[in-house]
Each structure stands twice: as structure tokens, then as C-alpha cells.
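Asks: after the sequence you'll find the predicted model.
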Amino acid sequence: MEEKNKFQIKSIICNKDKLNIEFNDNYKSIISAELLRVESPSAEVQGHSVKEKVTPLNKKYISIINIEKVGNYAIRIIFDDGHDTGIYSWVYLRKMSEQNAELYRDYLDRVKKIS
């Protein structure tokens, strides 16, 4: 399978607390709504540089209200806290899928430093 095809999405099943994703290479992943929210690719969360990255707090019980397809390359996720500006490309979702545990640990470490 070509490298670029592994990033293509075969299916996404949206539950209020997670996304179940299957990629074209049959790699399957579950990403929690909490992780999707706190790692949103939006400028509001990521900033315009690494130094500007924000750590959203109190998102443990965040819910996904809806997802909308953006072209043939991404989805926009609408959360129940009103956040809706992140465009999650297939490549970004694959990265989140493969680094799920590491991203979540990093997030928890950032929260501890803030608290």
C-alpha cells in the first residue's frame, strides 16, 4: 500500500465521547473526545508557534456534538463547549491515533504543571 493511502479514512464512527476510526490500511483507532479537544489543531489551542500552545482544562467530560466533512481530506469536530474551529486532517488523525497514549500522557503532565 502506498504511504499516502494509509492516511485515507475508510470509516469514522462518532460517539459523543470518542471517534472510532478505520484507515484504508485497516489500522483501527479510538480517540477520546477529551484528547481530540485538548489537542485540537485550531490556532486557539495550538497557537501560532509551539510557545503559544494552550492547555485547555476541565475537558474530561467533553462531548462531540457533530462532525462535518471538510473536502476529501479532513473533518471539523463540534464540541459541546462551543469549540468548532479545529480542522482535523486525515494525516493529523493518523498521528493522533498512532501517538494516542503519548499525547494523553503529555496532556496530563501539562495539566499537573498548571494546577
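Replies: Sure, I can see it.
Asks: C-alpha only now, for contacts and for neighbours.
Replies: Fine.
Asks: longest helix in this structure, please.
Replies: Secondary structure of the chain read by DSSP state H shows that its longest helix is helix 100-114.
Asks: give me the buried positions along it.
Replies: Within helix 100-114, the residues that count as buried by 16 or more other CA atoms under 10 Å are Asn100, Leu103, Tyr104, Tyr107.
Asks: swap in stretch 66-80?
Replies: Within stretch 66-80, the residues that qualify as buried by neighbour count (16+ other CA under 10 Å) are Ile67, Ala74, Ile75, Arg76, Ile77, Ile78, Phe79.
Asks: show me which of the residues you listed is closest to Val91.
Replies: Taking CA to CA as the measure, Val91 lies nearest Ala74 of these, at 8.4 Å.
Asks: now for the closest residue to the closest one other than its chain neighbours: which residues touch it?
Replies: When the adjacent residues along the chain are set aside, Ala74 lies closest to Ser89, with 3.9 Å between them (CA to CA, 6 or more residues apart in numbering). In this structure, Ser89 makes contact with Tyr73, Ala74, Ile75, judged by CA atoms under 8 Å, 6 or more residues apart in numbering.
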